[in-house]
Every structure is written in C-alpha cells, then in structure tokens.
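> Below are the sequence and a predicted model for it; my questions follow.
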Amino acid sequence: MKLQCQIEVINRVHSSLNIRSNGKYLKSTLALGKEPKNENEYFILHFSSNNKNGTKYKLKSIKQVFVKCINEGKATIRFEEPPHDLCIKCEVIQLKSFMRLLKSCITGDTKDLKLSNLSSLAITANNIAPTKLTIHDRSEFPAKGLPRTLESLHIVGLKLCNFRRDILLLSHLVVLDLSNNEIEKIPPEFGRLPSISELYLANNCLGVKDQIDWRWLLGVQITKKLKLLDLSGNKIKELPKSIWKLQNLITLKIDNNNLKRLPASLGRINTLRYLTVSQNSLQSLPCGLMQCRLDYIDLSANMFVPGNGTLKTGNYSQWEFYVNSLVHIASKVVLNKKLFYAPNIIPRTLVELLDNANICVCGKSVLNHSYFIIKEFQLKDLYRVVVFNNNHSCAVGFECYFCSPKCFMK
Ligand SMILES: [Zn+2]
C-alpha cells in the first residue's frame with residue numbers, strides 16, 4: 001500500500017545534539033511492503049522530493065507509533081534504527097487505513113494482505129521522478145523537455161551541433177555524457193551547474209573554429225565538483241592556464257587533440273591521478289607536472305624532443321634571478337600559500353601573472369620565466385603506470401624552472 005502525504009523526518013541524534021530540525025514537511029510517499037526473501041518481514045519505504053531513491057525502514061525496528069492526533073490527520077512513527085521519527089501529515093481516512101494495515105503487519109495478522117515486494121515498489125518510485133536518461137535517437141527527446149530531476153544524462157552519437165540549453169536547467173545533474181556529437185561551443189552558463197561531477201565531451205568539435213571560451217569549465221560552481229573531464233577527440237590547441245581551479249579533478253583525458261604544450265598550472269591540481277594525453281603534439285612537459293602524484297599517465301604518440309640540458313635565458317638580467325621584484329615576491333606568497341584569487345578580487349594582469357607561474361623542481365612557485373632547462377627525467381621514477389611509445393626508455397624532456405640559484409645548482 002502507498003500513502004501520499006507530507007512528512008518531516010526528525011533525526012533524534014540531531015535533536016539530542018540540540019540541532020533543531022527545520023520544521024519542513026516534504027511531499028512524500030510512504031510504501032508498505034514485504035521482503036522478497038523473507039515472507040514475515042515487512043518494511044516501510046519513504047520517498048520524498050529530496051530523497052528519490054527512498055529510505056527503507058524495517059518494521060521490526062519500530063519503537064513506538066503515536067496516533068493521538070490521528071483524527072487531525074497526524075501520526076508519528078518512531079524507529080529505533082535509524083533513529084528517525086517520521087512525522088506524517090495526511091488526509092484522515094487514508095492515514096487511518098494505512099495505520100490499520102501497519103498494525104496488522106506488526107501483529108502478524110496479515111493472511112489476506114497483498115503487499116508488493118521491494119523491487120516493484122522501487123520501480124514505481126523511479127517512474128515518478130526519473131533520475132537517469134539515455135537518448136540514442138533524436139525522436140527519443142521527451143516531449144515535455146528534459147525532466148528536472150535528472151542526475152545522469154547521456155546524449156551520445158546524435159550529431160548534435162548545438163549544446164542543448166535545457167541542460168542548463170538540470171541542477172541535480174551529476175553525470176553528463178555528450179560524446180560523439182558535433183558540438184563546437186559550450187555556453188558560459190554551464191559553469192553554474194552545481195552538481196556536475198563527470199563530464200564526457202569526447203569526439204566533438206571543440207576548438208574547430210576559433211579560440212575556445214573556457215568560462216563554462218571555470219565557473220565557480222563546476223570547479224568545486226568536477227572529478228572527471230573527458231575532452232579527447234576534439235581540436236583543442238591549448239588548455240586554459242586557470243585549469244588549476246578544478247581543485248577536485250581526478251581524471252583528465254585529452255587524447256587526440258592538437259596540444260603542443262600543457263599548462264604548468266596543471267601541477268597545482270593536487271587531486272589529479274589519471275592523465276591521458278596520447279596523440280597530441282607535445283614536445284616537452286611542464287616541470288610542474290612532477291608535483292602531481294599520478295597513478296596513470298598516457299603520453300604515447302606525441303612529438304617529444306630529446307632534452308639537451310642547455311640553459312635558455314631571456315632578456316632578464318642576472319640580478320633579477322637573484323633578487324625578485326616586489327610583485328614577484330608577493331605573488332610567490334599567494335601561490336605557495338595557495339590563496340584563492342580571481343579577476344573580481346585582483347587586477348586581471350596579476351591574475352595572468354599568477355596563472356602563468358611555473359613550478360620549480362622543488363615544488364615552489366617560479367615567476368621568472370627567463371631561465372629554464374629542458375632536462376630529461378624517467379617517467380617511471382615519477383608515476384606509477386606509464387604508457388609511452390618506447391617502453392625501453394621512458395625519458396621525457398621536462399621544461400624545468402628554478403626558484404633560486406640553489407635549486408639551479410642541484
Ligand atoms: Zn626551487
């Protein structure tokens with residue numbers, strides 16, 4: 001049996017901690033069902049607009065049922081484990097018949113009762129609020145638009161040229177797969193989606209026309225949650241320097257693009273573990289990448305040139321190498337202490353300076369770009385699993401910068 005009602009869940013652990021509940025009754029469904037494996041075990045499932053997967057309560061763990069106000073359409077079921085009180089508000093007649101049924105389940109007087117089992121209940125609940133949608137054909141787009149409850153959306157291989165703007169309304173979306181389309185642009189508003197954790201954009205047309213506007217990737221909301229980003233099979237020539245803002249990124253795939261270099265700021269993403277950059281035009285790697293504790297890196301089919309260890313210098317005087325300018329000293333503090341900055345906090349020129357900063361072999365920031373050496377390092381000494389063309393020698397030239405003469409001498 002199912003009961004449509006309003007429910008407030010009170011966690012008694014919280015109440016003993018003196019955290020007051022918010023007094024919010026949510027539109028809910030209570031379902032009473034029977035365990036498929038054990039005929040004598042019953043349970044209550046509670047679904048609400050906040051909890052679409054439902055919480056299951058065993059009838060065995062009911063501690064008390066309060067029905068004093070049942071004539072006003074109110075009742076409370078108290079469970080031992082989890083320590084929840086379900087405060088129910090409902091139409092009186094329906095509530096009474098639900099409680100009657102509940103009582104007969106508890107007392108075991110249930111010979112004539114027909115209760116559906118857990119799996120069928122779960123299916124009906126999912127129909128009410130779909131959380132997953134896969135579209136293989138244009139005719140499969142829902143007529144009423146994409147359901148706002150979606151948490152996972154796959155629109156794959158439809159030759160879509162434009163990013164569908166109704167995706168921007170899906171604030172619960174966690175996984176978005178738009179692989180194998182022909183999308184050239186993602187709107188900046190995408191960066192405001194608060195829950196996106198996995199984003200698949202493989203085999204699209206990003207970067208085909210002009211420079212990519214990366215605001216969609218660097219929005220305040222998306223940078224907090226994104227863990228997986230798949231950009232393989234596009235025409236990307238350059239990654240944004242402010243990619244360091246993706247502070248929870250674990251997996252980055254950028255195989256089969258037109259990259260000539262990787263930004264040094266990639267080394268500032270502490271969470272990065274999987275990096276695949278095969279089939280690009282990389283000639284060297286930024287020294288900052290040595291700071292990443294990668295479990296897996298794929299660098300096959302690139303154009304690495306052997307390092308020769310010679311020092312390249314720019315127009316800076318030696319003096320500047322030893323004594324930094326005030327701006328450089330201040331910037332180093334910002335970077336080494338990992339202080340957050342953005343164009344709305346400090347001038348844009350400073351943001352650029354900080355985003356362009358390199359990382360020394362020792363891990364400290366370097367703002368002076370004039371002295372660097374291409375030095376070969378064995379990838380196998382740095383990362384756990386390495387995929388590379390020539391497996392006998394995994395040496396790759398790193399563009400090394402130095403924070404001080406001391407590091408340079410090493
Ligand atoms: Zn150093």
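Thanks, I have it. All of these numbers come straight from a predicted model, not from anything done at the bench.
> what helix or strand is the nearest residue in space to residue 55 that is not next to it in sequence on?
Of all residues not flanking residue 55 in the chain, residue 46 sits nearest, at 4.9 Å (C-beta to C-beta, 6 or more residues apart in numbering). Any C-beta I mention is one placed from the backbone N, CA and C, and that applies to glycine too. Following DSSP states H and E, the helix or strand that holds residue 46 is strand 42-48.
> show me where pLDDT drops low in the stretch 101-250 of the chain?
Across the stretch 101-250 of the chain, residues meeting the criterion (pLDDT under 70) sit at 110-128.
> Can you name the residue of it nearest to the ion?
Residue nearest to the ion within the stretch 101-250 of the chain: residue 244 (18.6 Å; C-beta to the ion).
> Need the three-state assignment for residue 368.
Using DSSP: H, G, I helix; E, B strand; the rest coil, the structure places residue 368 in coil.
> For residue 351, see how far away it is.
Computed as C-beta to C-beta, to the nearest Å, the residue 368 to residue 351 distance reads 18 Å.
> Could you chop this protein up by domain?
As assigned by automatic domain parsing, the chain contains the domains 2-127, 131-305.
> I'd like the next helix or strand past the strand holding residue 46.
Defined by DSSP H and E, the subsequent element after strand 42-48 is strand 51-58.
> Could you pull up the contacting residues of residue 213?
Residues in contact with residue 213 (C-beta atoms under 8 Å, 6 or more residues apart in numbering) are 185, 188.
> Hmm, residue 271 and the residue of the stretch 101-250 of the chain closest to the ion touching each other?
No - look at residue 244 against residue 271 with C-beta atoms under 8 Å: they stay out of range, at 11.2 Å.
> Could you check which of those two is surrounded by more residues?
Between residue 244 and residue 271, residue 244 has the larger neighbour count (other C-beta atoms under 10 Å), namely 24 against 13.
> Show me the strands in the stretch 101-250 of the chain, by range?
132-135, 152-155, 175-177, 198-200, 228-230 (DSSP state E, counting those that start in this stretch).
> Now mean neighbour count and distance to residue 338 too, for the ones you listed, in TSV please.
Listed next are these as TSV, based on neighbours: other C-beta atoms under 10 Å; distance: least, C-beta to C-beta, whole Å:
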stretch	mean neighbour count	distance to residue 338
strand 132-135	15	37
strand 152-155	19	33
strand 175-177	18	29
strand 198-200	20	24
strand 228-230	20	21
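> now the spatially most central residue of the chain: how far from residue 176?
The centroid of the chain falls nearest to residue 197 when counting by C-alpha atoms, centre = their mean (1.9 Å). To residue 176, residue 197 is 9 Å away according to C-beta to C-beta.
> circling back: give me every residue that touches the residue nearest to the centre of the chain.
Contacts of residue 197 by C-beta under 8 Å, 6+ apart are 174-175, 225-228.
> let's see 10 Å
Contacts for residue 197 (C-beta atoms under 10 Å, 6 or more residues apart in numbering) come out as 151, 173-176, 222, 224-228, 248, 250.
> Equivalent analysis for residue 188, please.
If you count contacts by C-beta under 10 Å, 6+ apart, then residue 188 has 213-219 around it.
> how much space between it and residue 200?
From residue 188 to residue 200 the distance is 20 Å (C-beta to C-beta).
> what's the answer for residue 74, then?
Applying C-beta to C-beta, the value for residue 74 to residue 200 is 47 Å.
> Show me what the nearest residue to residue 69 once chain neighbours are set aside is bridged to.
With C-beta to C-beta, 6+ apart as the criterion, residue 69 has its nearest non-adjacent residue at 7.1 Å, and that residue is residue 75. Beta-bridge partners for residue 75, by DSSP bridges, are residue 88.
> Kindly provide the distance from residue 75 to the ion.
Look at residue 75 and the ion: by C-beta to the ion, to the nearest Å, they are 68 Å apart.
> C-alpha coordinates for stretch 159-174, PDB please?
These are the backbone C-alpha positions of stretch 159-174, laid out as PDB (Å, rounded to 0.1, in the frame of the first residue of the first chain):
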ATOM      1  CA  LYS A 159      25.500  14.600 -34.500                       C
ATOM      2  CA  LEU A 160      24.200  17.400 -32.400                       C
ATOM      3  CA  CYS A 161      25.800  20.700 -33.400                       C
ATOM      4  CA  ASN A 162      24.500  22.900 -30.700                       C
ATOM      5  CA  PHE A 163      24.600  22.400 -26.900                       C
ATOM      6  CA  ARG A 164      21.000  22.000 -25.700                       C
ATOM      7  CA  ARG A 165      20.200  24.900 -23.500                       C
ATOM      8  CA  ASP A 166      17.600  22.900 -21.500                       C
ATOM      9  CA  ILE A 167      20.600  21.000 -19.900                       C
ATOM     10  CA  LEU A 168      21.400  24.300 -18.100                       C
ATOM     11  CA  LEU A 169      18.100  23.800 -16.100                       C
ATOM     12  CA  LEU A 170      19.200  20.400 -14.600                       C
ATOM     13  CA  SER A 171      20.500  21.500 -11.300                       C
ATOM     14  CA  HIS A 172      20.700  17.900 -10.000                       C
ATOM     15  CA  LEU A 173      22.800  16.600 -12.900                       C
ATOM     16  CA  VAL A 174      25.900  14.700 -11.800                       C
END
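> which of the domains of the chain sits most buried?
Among those, ranked by average contacts under mean count of other C-beta atoms under 10 Å, first place goes to domain 131-305 (a mean of 18).
> does residue 408 count as helix, strand or coil?
What three-state DSSP gives for residue 408 is helix.
> which residues touch it?
Counting by C-beta under 10 Å, 6+ apart, residue 408 makes contact with 311, 321, 360-361, 371-373, 400-402.
> ok so, going back, so the residue nearest to residue 69 touches residue 98, yeah?
Yes - counting by C-beta atoms under 10 Å, residue 75 does reach residue 98; the two are 8.5 Å apart.
> Give me the common contacts of the two.
In contact with both residue 75 and residue 98: 5, 88, 90, using C-beta under 10 Å, 6+ apart.
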